[in-house]
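Student: Quick one: sequence plus predicted model below, questions after.
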Amino acid sequence: MPDVEPLVADIERSFAEIERELGDPGLFDDQRRAVEVTREHKRLKGAAELAARWRELQAQLAEAAELAADDEPEIREMAKAQRADAEEALPAVEEALRLAMVEPDPDDHRDAIVEIRPGAGGDEAGIWSGDLANMYMRYAQGRGLRVDIISLVEGDAGGYKEAFFSVAGDDAYSQLKWESGVHRVQRVPQTETQGRIHTSTASVVVRPEIEAVEVQLDMNDVRVDVYRSSGPGGQSVNTTDSAVRLTHEPTGIVVTCQNEKSQLQNKESAMRVLRVRLHEAEQEKQAAALGEQRRSAIGTGDRAEKIRTYNYPDGRVTDHRIGLTVHQLDKVLGGGLDPIVEALRQEEQRARLAERFG
């Protein structure tokens, strides 16, 4: 690892600059910039505290070196202990400093929109989609995040044909962003009379929520269709045309929403999803123009990638990207995703550290 002192100096300089900007009364005339500066100040404050601690430890080492030459044995012994304490604390502080200055994912602070759809497995895949949706909702609520349903389309045998919901709160996207991909379940379905284990899948896509001002959207490009909401089997569950389908004609992106009783609420929910999909499509277009696909630090970020297996007979969950297996299936499905999320977070940090510092 390179010398830490230039990094400490950079942190001190950056923090002083952000403090000056935060103290400018005119900053809050631009609300978006004010939010960015406040967020960056919060991030750098922790780094500045670590930098101050590093300076303190260096001062202790310098003092101990001076005292080591003292004529008094007691003083030399005290210097020896002081040096040992500082040397023991220093590696952890330096590692924390490097982590603090790794550029975060710019979307980490955003709210998230989660989309879940059945894959292979027929009705059982729909039931599995419902299990996953419940798992994420419980996880989010357990973390103090707010879950808002955007659209839930029930399956004929239970679960969901489609589930859209938002998760809002501090760094919501950062806590769910690794979940995009194919989730495979191995279990005996309730409809299986001979006790055979079936494999079913569901796809999960987690996107950062995008504000209206961040996406250029001409409503003349959007066709709005309204119709009656339907439940399992197609039966009508609403006597008014409250369901909404938005079609963005230039891209062909289609979004439907029928969960709310109000047509206006369904339209607003569908617009949230449409903005997210348009933003994602634009990012993919830009990446393709540069000749490279934006990739996550973990896996490819491809939503078709099989990322995790949930095995009921063995009571285990395996994340294939990092080779992690936990034997707490019931706890995980109950929302206890923390061990997996933390392992994925650490792997991302390791990859980002290697990218910046080698």
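Tutor: All right, it came through fine.
Student: alpha carbons only for contacts and neighbour counts from here, please
Tutor: OK.
Student: you'd agree Pro151 is up against Phe164?
Tutor: To be clear, residue 151 is Ser; Pro isn't right here. Yes - using CA atoms under 8 Å, Ser151 is in contact with Phe164, at 4.9 Å.
Student: who's more crowded, these two?
Tutor: Phe164 (23 against 20; other CA atoms under 10 Å).
Student: In this structure the more buried one contacts Met137, no?
Tutor: No - judged on CA under 8 Å, Phe164 makes no contact with Met137 at a distance of 11.2 Å.
Student: What count of nearby residues applies to the closest residue in space to Arg43 that isn't next to it in sequence?
Tutor: Closest residue in space to Arg43, ignoring its immediate chain neighbours: Ala100 at 7.7 Å, by CA to CA, 6 or more residues apart in numbering. Residues within reach of Ala100, counting by other CA under 10 Å, total 19.
Student: likewise Ala64?
Tutor: 22.
Student: where's it relative to Ala79, distance?
Tutor: To Ala79, Ala64 is 5 Å away according to CA to CA, to the nearest Å.
Student: Quick check: next helix or strand after the helix or strand that contains Glu282?
Tutor: Here Glu282 sits within helix 263-289, counting by DSSP states H and E. Beyond helix 263-289 in the direction of the C-terminus, DSSP H and E gives the next helix or strand as strand 306-311.
Student: Which strands and helices lie in contact with the helix or strand following that next one?
Tutor: Using DSSP H and E, the helix or strand that follows strand 306-311 in sequence is strand 316-319. On a contact count with 3 or more CA pairs under 8 Å, 6 or more residues apart in numbering; DSSP states H and E, strand 316-319 meets strand 306-311, strand 324-326, helix 329-333.
Student: go again using 10 Å as the cut-off
Tutor: In terms of contacts (3 or more CA pairs under 10 Å, 6 or more residues apart in numbering; DSSP states H and E), strand 316-319 is packed against strand 181-187, strand 306-311, strand 324-326, helix 329-333, helix 338-357.
Student: CSV for those, including distance to Gly130, mean neighbour count and mean pLDDT?
Tutor: Below are those laid out as CSV (distance: least, CA to CA, whole Å; neighbours: other CA atoms under 10 Å; pLDDT from 0 to 100):
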stretch, distance to Gly130, mean neighbour count, mean pLDDT
strand 181-187, 12, 21, 95
strand 306-311, 14, 21, 95
strand 324-326, 22, 15, 96
helix 329-333, 11, 17, 96
helix 338-357, 20, 15, 85
